[in-house]
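Peer 1: quick one, fold the following:
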Amino acid sequence: MFTGSFHHVMDNKGRVSIPPRYREILQERKDRYLILTNFDGYLLAFPQSEWVKIEAKLGELALFRKDLRAFQRFLISGVEECALDRQGRILIPQNLRNYAKLSREVSLVGAVRCFEIWDRATYEAHRKQLEESINEEVLHELLI
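Peer 2: Coordinates of the predicted model:
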């Protein structure tokens with residue numbers, strides 16, 4: 001599972017280092033590629049083996065529901081396959097860097113089956129909002 005958050009510096013070419021803990025997960029799964037896509041102002045990064053499952057579910061969505069078609073179109077239109085290089089970095093394509101408004105400082109945030117890539121300042125503001133809106137009832141639901 002992808003957990004924790006890590007702050008990294010993206011180089012001028014758009015490369016960012018994947019945290020060692022995340023690389024270990026990818027190696028265990030024998031995934032050499034990450035599938036990146038746009039989502040809610042940040043990027044989602046799926047191991048290739050997990051993305052196959054997402055694609056299968058997307059293929060099962062009701063074709064005639066306008067809202068589902070729009071979601072599928074949005075998610076799929078941003079998909080980019082990114083290989084890990086020998087230093088454990090990925091090159092984030094320019095279109096995705098623009099979408100997520102990534103600056104030099106980025107945050108990689110675990111999301112269990114995948115991880116998120118945020119502009120660091122945007123993520124820190126979002127996290128602060130989350131802290132203020134945490135609902136203990138949700139935790140109660142999880143623990144029951």
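Peer 1: report the helix or strand with the lowest average pLDDT across the protein.
Peer 2: helix 136-143 (a mean of 74; mean pLDDT, DSSP states H and E).
Peer 1: for this protein, give me the ranges with low pLDDT.
Peer 2: 144 (pLDDT under 70).
Peer 1: got phi/psi on residue 24?
Peer 2: Per-residue torsions, residue 24: phi -60, psi -40 (degrees, to the nearest 10).
Peer 1: contact partners for it?
Peer 2: If a contact means Cβ atoms under 8 Å, 6 or more residues apart in numbering, then residue 24 has no contacts. (Each C-beta comes from the backbone N, C-alpha and C, glycine too.)
Peer 1: residue 18 versus that one, what's the distance?
Peer 2: Distance from residue 24 to residue 18, counting by Cβ to Cβ, to the nearest Å: 10 Å.
Peer 1: okay, which residue is most central for the chain?
Peer 2: residue 44 (2.1 Å; Cα atoms, centre = their mean).
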